[in-house]
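In: Mind looking at a prediction? Sequence and model below.
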Amino acid sequence: MFGTVKVGERGQIVIPKEAREIFDIKPGDTLMILGDEGRGLAIVKADKFRRIAEEMLRIFEIEPEEPPEE
């Protein structure tokens, strides 16, 4: 946990410095805000999320192996 932040009038938040350093978040980076009504929000760098999504697509494009003949 990196602390708490307040939401400004325009809906903006400031990501704590320690979190920005650990996750290499720089000014101008694009972040994705993921959410689930029951679980809350998660912030992910868009380039990292894209790599994860591409890997998942690659995995699912692999043809299943044929079952051995009896």
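Out: Yep, that arrived.
In: Using PDB, list the CA coordinates for stretch 31-44.
Out: Below are the C-alpha coordinates for stretch 31-44, written out as PDB (Å, rounded to 0.1, in the frame of the first residue of the first chain):
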ATOM      1  CA  LEU A  31      -2.600   4.200 -17.800                       C
ATOM      2  CA  MET A  32      -5.600   1.900 -17.900                       C
ATOM      3  CA  ILE A  33      -8.200   2.100 -15.100                       C
ATOM      4  CA  LEU A  34      -9.700  -1.300 -14.600                       C
ATOM      5  CA  GLY A  35     -12.700  -1.700 -12.400                       C
ATOM      6  CA  ASP A  36     -15.100  -4.200 -10.800                       C
ATOM      7  CA  GLU A  37     -18.000  -3.000  -8.700                       C
ATOM      8  CA  GLY A  38     -17.300  -5.500  -6.100                       C
ATOM      9  CA  ARG A  39     -13.500  -5.400  -6.000                       C
ATOM     10  CA  GLY A  40     -12.700  -1.800  -6.800                       C
ATOM     11  CA  LEU A  41     -10.200  -0.200  -9.100                       C
ATOM     12  CA  ALA A  42      -6.800  -1.100 -10.400                       C
ATOM     13  CA  ILE A  43      -4.400   1.100 -12.400                       C
ATOM     14  CA  VAL A  44      -2.100  -0.600 -14.900                       C
END
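In: hmm, who's touching that stretch?
Out: With CB atoms under 8 Å, 6 or more residues apart in numbering as the test, stretch 31-44 has contacts from Ile15, Ile25, Lys45, Ala46, Phe49. Every C-beta, even on glycine, is put in place using the N, C-alpha and C of the backbone.
In: Pull up the gap between the residue most central in space within the chain and Glu9, please.
Out: By CA atoms, centre = their mean, the chain has its centre lying nearest to Val44, at 2.9 Å. Note on Val44: its distance to Glu9, by CB to CB, to the nearest Å, is 25 Å.
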